[in-house]
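> what's the 3D shape of this:
(2 chains)
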Amino acid sequence: MSRPIFRRLSVCAALLFCTSGLAQAQDHGDYDPADIEYGLSVYRSQCVTCHGDSGDGIAGVNLRSGQFRRAVSDRDLRALIANGIPDTGMLAFDLDSAEMTGIIAFLRNPNFELDAVTLGDEARGRTIFEGKGDCLSCHRVGQEGPRGSVDLTSIGTTRAPSALRRSLLDPTGTMRPIDRPVEIVTAAGERFNGRRLNEDTYTVQIIDDQGRLRSFDKDRLQQFTVHTESPMPSYGDELEEQELADVLAYLVSLKR
Amino acid sequence: MRRMSTGRSFTAVWLLAAALGLVLAAGVAAQVPFARLQGAPAEPHNWLTYSGTYFSQRYSELDQVTPDNVGDLELQWVYQTPVHGPWQSTPLVVDGVMYLTQRPNDIVALDARTGRVFWVYSYPTPSDHRACCGSNNRGVAVLGDRLFMGTLDAHVVAVDAATGAQLWDVEVADKDLAYSLTLAPLAVKDMVVLGTAGGDRGIRGFILALDAATGEEVWRFHTIPGPGERGHETWEPCPPNPETYCDPEAWMHGGAAAWLTGSYDPELDLLFWGIGNPGPDFYREQRPGDNLYSNSVVALDADTGEIRWHFQFTPNDPYDYDAVQIPVLADIERGGQLFKVVLWANRNGFYYVLDRATGRFLDGVPFVSVNWAEGLDDSGRPIETPQPPGAPTYPGIQGGTNWYSPAYSPRTELFYIPAWEDYGTVFAGEPQEYEPGRSFIGGIPTMFAPVPGAPVVPGLTRGPINTWTAAAGHGAVLAVDALTGEQRWKFEMTDVISSGILTTASDLLFTGARSGYFQAHDARTGDLLWKASLGGQIVNGPIAYEVDGRQYVAVIAGNALSTFALRD
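Below you'll find the model as predicted:
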């Protein structure tokens, strides 16, 4: 049975992530369910003390209404949350990019109903990440894993849950151009595979699959190929829906 | 518009100058009288106006550095500014002395041979100015023995070129309404001509001429015509019951800034000036009509400021396609016919050729990918093809090119464009009520990313790391036939370009990139001949000059001005 988030807050107030009985959105505009659900957790940790489980803890302020006296656009909301409101109890909040995306999505969809799990269990997710998913064979988290692919140590800070979920399902379609694997063969025939760190018209700087920093003059290379296919499989085929949600929860938790 | 009679001036000015004990701009002892500015092409050892000469071709007759020896260029000296931020200034060089502005409103006089500083003038810029888009200043004008500079709080100052002593300071507009002066002035006759910035903050733009001797205003041309003036009808009245927000006073705060230096044709006695976008930038519905003279080039009588003709590139613009580019003037003889033209690579992605005397449209073709218009009609007016909501518009908000100076070489008859290719923006206008002095742009455009969430090209500045790559848009130097716009060669860059271009009589082309490379090409083929990585973004135009028989090429990258010459 689906229920609005605010009503559900009182039921699972003690949990960081409420993962059961969630309902899929009927109408959530441009906001992704994963971001809205993550925004709920941000709300729980940052906002609930003052605004309350029901969003109406401050006299004259009802966050369930979706209307804000001092903010019209998402940009306004971001500024308001980042700067606070002088001479009121509304403090300035130093949220990272992912948290800000989440809380905005949540505030825009306070009565949003979920019916599918998007953010699962972080601990289970880590087990899958390191085991069945074999993610550490390419990615690095903290001191574990190779350096050649995107370092995920703080990926939960910079990418919203929706973006991480898309990356798990469609690695090639979501691969940022700078992250595309490069293959380089020097004039002397030496071959290097790696990832670009920087590039200009004449030179390219990479970290190779051995974790070495290398810089090349492009006009002296025998080959400089930027692959547009990601070597990462789509985990939509590899993992069950619940496992995906668990891995996503783990990725979201990766904050340095 | 305040007008004075053509014969106004000289008696009164002489008397005033004598009374003040000042050296008159046009006086016999003056170092750089108007005649020298007119004859600037004949003294290529100097760089006497922002764009080199009144025709603004950024072409130098110097030919000591050639395609054969350009590889022997080496660093001679560096001047480092203590103030950080994109440094968009073009220096002047007058008889061995370089005059350079640095943020916010300093003038520095240097020995152009060694880089050693003679003096620094610091205007006390108030911290509460509302100049949009950075505390830029793009340079000074010289006339007589004086230098002239616009300030971020909309003042104009005159400074003694020998000492740096301030001679006068006049306020020309209200800084609290976001007026500011960021351009290098243009000195013409006994006047100094400037235009205002602030087009994204609800100003009503103007170009004005001040008496160089006194700072007194000679004329002022409002870039948005007032009631009763020709062109005012292009700010159409709102319909009785508009379906969306319509601003009945749109013309009063409709932008149309003039934040870049114009050009001058002494024979026609006309000033040519590019005019910026209408405001709010992205929501055209609240300002119905063509919104003259936004996004136009205007030709003004130099003595009176009266408009002689105009040509509008982008009517009722919702894309911020400023026509704030340098008007490049050229006389081109082809097929037995002499074409006296204005050449214009516009931010909207089209290259235009206009008759200089009449403003008549002669030719216009796209120079980058364009999808906001399918072409131009016989009068040069765009045939618009607005993109559906959420779809990218090409060129993007920074344009196919922008304020960075193009160049024209009379030797190659090619026009050289610093261009952004394959770069789009998703526009989404929103109604916005005007608030004095505040940002007035009407919506938030989104740079088009090749992959959702991927880094996009930074609008104004970049750090040392390129994370967006060419996939989000890339730079190029384009060489097009000046009269037809037909592309002759292209040099593609991985990064984007915000640098001006310089060509020389030895058919060298100098330019730079945001990545910090300063580079020389063969102006006829585009072949790369030399490059130096200067470690900071180049957001200004290189110049050439000569001291003691030695040619120098100077460019600003990051926080340093670097000067090169051939190895001794």
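> now the strands: where do they sit in the stretch 151-256 of chain A?
A:181-186, A:191-199, A:203-208, A:213-217, A:221-226 (DSSP state E, counting those that start in this stretch).
> partner residues bridging the closest residue to B:W372 other than its chain neighbours?
Excluding the flanking residues, the one nearest B:W372 by Cβ to Cβ, 6 or more residues apart in numbering or on different chains is B:T393, at 5.1 Å. Glycine gets a C-beta too; all of them are placed from N, C-alpha and C. Under the criterion DSSP bridges, B:T393 forms beta bridges with B:T425.
> pLDDT at B:T393, what is it?
Residue-level confidence at B:T393 comes out at 97, pLDDT.
> Quick one: neighbours of it, just the number.
21 (other Cβ atoms under 10 Å in any protein chain shown).
> Could you do B:E435 as well?
Around B:E435 sit 11 other residues, with neighbours defined as other Cβ under 10 Å.
> List the contacts of it.
When the contact criterion is Cβ atoms under 8 Å, 6 or more residues apart in numbering or on different chains, the partners of B:E435 are B:G202.
> B:A520: what's it in contact with?
Counting by Cβ under 8 Å, 6+ apart, B:A520 makes contact with B:70, B:73, B:508-510, B:528-531.
> Enumerate the residues of the stretch 101-250 of chain A near chain B.
Within the stretch 101-250 of chain A, the positions adjacent to chain B are A:159, A:163, A:166, A:173-178, A:196-202 by Cβ under 8 Å from any Cβ of the partner chain.
> list the contacts for B:W251?
Taking Cβ under 8 Å, 6+ apart, we find B:W251 in contact with B:204, B:224-226, B:232, B:235, B:287.
> Now do it against B:L181, distance only.
Relative to B:L181, B:W251 is positioned 22 Å away (Cβ to Cβ, to the nearest Å).
> now do B:A109
In this structure, B:A109 and B:L181 are 20 Å apart, going by Cβ to Cβ.
> higher neighbour count, the two?
Looking at B:A109 and B:L181 with other Cβ under 10 Å, you find the greater number of neighbours at B:L181, namely 29 against 22.
> Just give the closest residue to that one, not the sequence neighbours.
In space, B:L181 is closest to B:G150, 2.6 Å off (Cβ to Cβ, 6+ apart).
> Hmm, the one you found is touching B:T182, no?
Yes - counting by Cβ atoms under 8 Å, B:G150 does reach B:T182; the two are 6.8 Å apart.
> and for those two, which residues touch both?
Common neighbours of B:G150 and B:T182 are listed as B:N137 (criterion: Cβ under 8 Å, 6+ apart).
> Generate a ChimeraX selection restricted to the buried entries among the residues of the stretch 101-250 of chain A next to chain B.
Remark: buried members of those, expressed as a ChimeraX selection using 16 or more other Cβ atoms under 10 Å in any protein chain shown:
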select /A:159,163,166,174,175,176,177,178,196,197,198,199,200,201,202
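> Need the max-distance pair from the residues of the stretch 101-250 of chain A next to chain B.
A:R166 and A:Y202 (33.8 Å; Cβ to Cβ).
> domain ranges for chain A?
For chain A, the domain assignment from automatic domain parsing gives the residue ranges A:5-108, A:122-175+A:234-253, A:181-226.
> how close does the most centrally placed residue in chain B get to chain A?
Relative to the mean C-alpha position of chain B, the nearest C-alpha, by Cα atoms, centre = their mean, is the one of B:L260, at 3.5 Å. For B:L260, the distance to chain A under the criterion Cβ to the nearest Cβ, to the nearest Å works out to 26 Å.
> Ok, B:H45 next?
If you measure B:H45 against chain A using Cβ to the nearest Cβ, the figure is 32 Å.
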